[in-house]
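Novice: I would like to see how this sequence folds:
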Amino acid sequence: MHSGATLSLEALLELGLSADAEFPKELRDVVTYDRFGQQFSLGAIFVATVRVLQYRLAERVEGATSVSPVIRAAIARDAFWREVNFVAGGAPDGKLDEDAVTWEDLASRPSGIQQLPVDVTLEIRALLDDLFSHGAHARVALGFVQALLLINGFLRSDHGEGLSAFVARFARVSSFRKIASGAQRERTLARAVEDVFGGGVLAAEFRKTVDEDAGRNLQAEVLNELTDHLVAFASSGSFEVHPRGVAMPVSYRRSVRAPVPSDPESIGLIHPIDQHLALARTIADIVERWPNLGPLIGAVDVVGNELDEPNWAYVPVLDELCGRVGERLVRTSHAGEHFMWPIQGIRSVGELIRPSRVVDRIGHALALDPTCADFITGAAKPVYDARSVLDDVCWLVGVGHANDDVVAFAHRLLGWLGMQERGLGLVDFVAAWEARRTVGGMSEYLGFGTGESFTPPLEIQLAYARSLSGPALALTLMLYQGRAPGFEAMDKPLPSGLAAEYGRINDTLSPILADAVVGWVVEEGIVIEACPTSNLTLAGLPRPKYLPIGGWLSRGVVVTVSSDDPTHFSTRIEDELEVLRPILSSSDLSAVVKSSLHYCCQLGGQYDGEQMRRLASAATEGAWASVAV
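Specialist: Below is the predicted model:
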């Protein structure tokens, strides 16, 4: 497994059956659409679907669950779905698709029942068959199926929707899961664990995102997150048949860009590197204080949209973790998933590897394949912003791939930015770019503490920045943003002439760079974690043959295959292997399976039921030092 535990649609409905809590306030305005574009309240649809299940279960076993007499009466007079539509803001006559009246009809449609998760069980199908067999309940059955499709459409990612849309969908669905959480949190998590370990899964990651707010007790946050899942593991029963591999990587979720300081005499960090470093130090402290928790955490990961927060903001963080915990935690980052132009995506991968390697694994890395890159960037001309392009240029120079055209372009870019008037040249920015990669490098130029105590302040006075010279001033321009002319210019789009010139550089260099970075991946022994269904969906690849896995394997890249988020992509690990079967040779497929077992299944610890119960007991008692792994 490549991603954390997620609740299937069936699990949400099951938990909803026993939930009496009011629908979460923050979700009342969330809407979804049917295939005709009609808008529905997600809340009303979910509640209505649960009530139909309650109705049928109550009818089978009288008194097994309670159903509102008003709802029961509405169903009896065949007015239930019309009223739901009315409440949801739909057509008051409650028109439904009268053609879709059988399971077979629905299953034959592209947006039909086969799009539901694989674990919508035979019990659900039997329920539908039972409803369809009674003419009086035909409209109820049809409405129920449509509600499932509407909810399913809300949960599932659309083909070609791209990472930005996926990140937004992920956030909405995370809130949607709260319907079945709250007081039932332990049961909710336990069911998620059972969903993940279905189908013979031997090991899985359950990624934990920790709130980085500096005002919180980060150590308590991390330990509480681990405890929550350990208790769920112990009560799930998933570890009783044979031991399972478990890791709970602490994940950084990329943040959106910080607002520009309102004070014209202040400049502020573009991205919260101060908070990222605080969490990294907390993780290192935990692993050093309680070594047995290292295998349980397993890894530190960076996830999310690279256009929200690029990988450079995490390079010093991952580098510091390497210095503190070494091989006790795997360092991994998603990279090359979402980018506006090819070199930007290639750099997102490459800057994790050269001039110094800060990761052990990279997720997806689609920018390294020109065909995938074409699908991701699309046909529209990108808007090149000066800050990102300058990062590209510094990386190209820093890793020795800047030709004469790149250098000449860089000088013209700095001239347009007005940097030469401040006495700053390409040498200064490359030195600053290299310093930004480590805590020591930033500390050397900016001060604000030394060594491990260095933390870049959230805001500094512009007068301080102006007092700096050479690489130090260039570094503040790369780390901070503000309303002063030099800082403001960094985020402007390039004028047409420079944009056209950089476009030509992209066209010329990107295939060469992609090939070079694949070579670095092999040389450094970095594992690429591929998720075929996720890649096909988000990148908009039309067929599996466009996946780059076969080409990577031929170059000697170690590739593992994972499922990404099962809820969003309606897939399990066995489905992922079936996607690859037609496009890989038997030897390549075998290599992928072996790599996946070796790297993924050995990431964390191996636990049986009794060990997991001891872990959970020690966690709830706060006796972390006594945990035996």
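Novice: Pull the residues that contact stretch 213-228.
Specialist: 185-186, 189, 208, 210-212, 248, 250, 274-275, 278-279, 282-283, 285-286, 293, 296-297, 616, 619-620, 624 (C-beta atoms under 8 Å, 6 or more residues apart in numbering). C-beta coordinates here come from the backbone N, C-alpha and C atoms, glycine included.
Novice: Recalculate using a threshold of 6 Å.
Specialist: Applying C-beta atoms under 6 Å, 6 or more residues apart in numbering, the contact partners of stretch 213-228 are 208, 210, 248, 275, 279, 282, 619.
Novice: Now for Val302: which residues touch it?
Specialist: Contacts of Val302 by C-beta under 6 Å, 6+ apart are 252, 314, 333.
Novice: swap the cut-off to 10 Å and go again
Specialist: Neighbouring residues of Val302 by C-beta atoms under 10 Å, 6 or more residues apart in numbering: 251-254, 276, 309, 311, 313-315, 317-318, 331-335, 352, 359, 363.
Novice: try Gly540
Specialist: 158-162, 372, 375-376, 378, 546.
Novice: which of those residues are buried?
Specialist: 160-162, 372, 375-376, 546 (16 or more other C-beta atoms under 10 Å).
Novice: So of the contacts of stretch 213-228, which two are at opposite extremes in space?
Specialist: Within the contacts of stretch 213-228, Gln275 and Ala619 form the most distant pair, 25.3 Å apart (C-beta to C-beta).
Novice: what number of residues lie near the closest residue to Tyr480 other than its chain neighbours?
Specialist: Nearest non-adjacent residue to Tyr480, counting by C-beta to C-beta, 6 or more residues apart in numbering: Ile267, 4.1 Å away. Ile267: 25 surrounding residues under other C-beta atoms under 10 Å.
Novice: Assumed Ile267 was part of a strand.
Specialist: Yes - using DSSP: H, G, I helix; E, B strand; the rest coil, the assignment for Ile267 is a strand.
Novice: so Phe206 touches Pro249, yeah?
Specialist: Yes - at 8.2 Å, Phe206 and Pro249 qualify as touching, with contact defined as C-beta atoms under 10 Å.
Novice: low pLDDT regions in the protein?
Specialist: Along the chain, segments meeting pLDDT under 70 span 1-154, 172, 175-185, 198-199, 214-215, 449-452, 624-629.
Novice: buried stuff in the longest helix belonging to it?
Specialist: Secondary structure of the chain per DSSP state H: the longest helix is helix 496-524. Using 16+ other C-beta under 10 Å as the test for burial, helix 496-524 gives 498, 501-502, 505-506, 509-510, 513-514, 516-518, 520-521.
Novice: So which of the buried ones among the contacts of Gly540 sit within helices?
Specialist: Short answer: the buried ones among the contacts of Gly540 in helices (DSSP H) are 162, 372, 375-376.
Novice: from those, which is closest to Ala472?
Specialist: Closest to Ala472, out of all of those and judged by C-beta to C-beta, is Ile376, at 36.1 Å.
Novice: returning to what we had before: I figured the residue nearest to Tyr480 was touching Pro456, is that so?
Specialist: No - Ile267 lies out of contact with Pro456 (C-beta under 10 Å); the separation is 11.2 Å.
Novice: Give me the distance between the two termini of stretch 333-351.
Specialist: One end of stretch 333-351 to the other measures 11 Å (C-alpha to C-alpha, to the nearest Å).
Novice: same for the longest helix of the chain, what does it pack against?
Specialist: helix 342-350, helix 370-377, helix 386-398, helix 404-417, strand 527-530, helix 549-555, strand 558-561 (3 or more C-beta pairs under 10 Å, 6 or more residues apart in numbering; DSSP states H and E).
Novice: would JSON lines of these with distance to Ser235 be doable?
Specialist: As requested, those are exported to JSON lines (distance: least, C-beta to C-beta, whole Å):
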{"stretch": "helix 342-350", "distance to Ser235": "40"}
{"stretch": "helix 370-377", "distance to Ser235": "41"}
{"stretch": "helix 386-398", "distance to Ser235": "47"}
{"stretch": "helix 404-417", "distance to Ser235": "58"}
{"stretch": "strand 527-530", "distance to Ser235": "29"}
{"stretch": "helix 549-555", "distance to Ser235": "37"}
{"stretch": "strand 558-561", "distance to Ser235": "29"}
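Novice: Any idea which of those gets closest to His229?
Specialist: strand 527-530 (20.9 Å).
Novice: to the chain's geometric centre, what's the distance from the following helix or strand past that closest one?
Specialist: Downstream of strand 527-530, the first helix or strand assigned by DSSP states H and E is helix 532-539. Centroid separation for helix 532-539 versus its chain: 13 Å, with C-alpha atoms, centre = their mean, to the nearest Å.
Novice: tell me what helix 532-539 is packed against?
Specialist: So helix 532-539, by 3+ C-beta pairs under 10 Å, 6+ apart, packs with helix 162-176, strand 361-364, helix 370-377, helix 566-569, helix 573-580.
Novice: Report the contact partners of Ser537.
Specialist: If you look again at residue 537, you'll see it is Thr, not Ser. 156-162, 166, 531, 564, 568-571.
Novice: what's around Asn292, how many residues?
Specialist: 16.
Novice: same check, this time on Phe197
Specialist: If we define neighbours as other C-beta under 10 Å, then Phe197 has 22 of them.
Novice: If we ignore the residues flanking it in sequence, what's nearest Arg437?
Specialist: Val315 (4.9 Å).
Novice: how much space is there between that neighbour and Tyr607?
Specialist: 33 Å (C-beta to C-beta, to the nearest Å).
Novice: so Ser251, which of the three states?
Specialist: strand.
Novice: List the beta-bridge partners for it.
Specialist: Residues in a beta bridge with Ser251, per DSSP bridges, are Thr209, Asp301.
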